[in-house]
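> can you look at this prediction? I've put the sequence above it.
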Amino acid sequence: MRATWKDAVLAESDETVVVEGNHYFPAESIKREHFRESGTHTVCPWKGTASYYDVVVGGEVNGDAAWYYPEPSDAAKQIKDRVAFWRGVRVE
C-alpha cells in the first residue's frame, strides 16, 4: 500500500493493518520529512485517544491529515505504532 498527497509518497508498506476501512501504516514506513506534529487530539470510544500530524509537501500543509494512537486500548492494540490518513491523502 502507498499513501500519497500532492504527488509525494508519504508512506509505503506491504504490512498495513485495516481497521474501520482505514489502512494503518507501520510508523517506520512513513517519510518523516512530510510530517509535523499537530496539537489536535480526539477520542474514540473503543480505540482510545488519537494524536495527529499535519502533512507538509512543498510548503503546502494538509492539517491533521494523519493520525495515530500512541496508547491504544487493548481492543485496538494492533494499531499501536501505526499511522492512518484522510483529508485527500490517497491510499492505494
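Received the coordinates, thanks.
> for the closest residue to residue 7 other than its chain neighbours, give the beta-bridge partners.
Distance criterion C-beta to C-beta, 6 or more residues apart in numbering; nearest residue to residue 7, sequence neighbours excluded, is residue 57 at 7.9 Å. Heads up, the C-betas are built off the backbone N, CA and C, glycines and all. Assessed by DSSP bridges, residue 57 has beta-bridge partners residue 60.
> could I get the contacting residues of residue 57?
Shown in contact with residue 57 (C-beta atoms under 8 Å, 6 or more residues apart in numbering): 5-8, 34.
> neighbour-wise, which of the residues you listed leads?
Highest neighbour count within these, by other C-beta atoms under 10 Å: residue 34, with 22 neighbours.
> am I right that that one is in contact with residue 56?
Yes: using C-beta atoms under 8 Å, residue 34 is in contact with residue 56, at 5.8 Å.
> mutual contacts of the two, please.
In contact with both residue 34 and residue 56: no residue, using C-beta under 8 Å, 6+ apart.
> in three-state terms, label residue 39 for me.
Secondary structure assignment for residue 39 (DSSP: H, G, I helix; E, B strand; the rest coil): strand.
> whoops, I mixed them up, residue 75
Per three-state DSSP, residue 75 ends up helix.
> what's around the nearest residue to it once chain neighbours are set aside, how many residues?
Of all residues not flanking residue 75 in the chain, residue 46 sits nearest, at 5.4 Å (C-beta to C-beta, 6+ apart). If you count neighbours by other C-beta under 10 Å, residue 46 ends up with 11.
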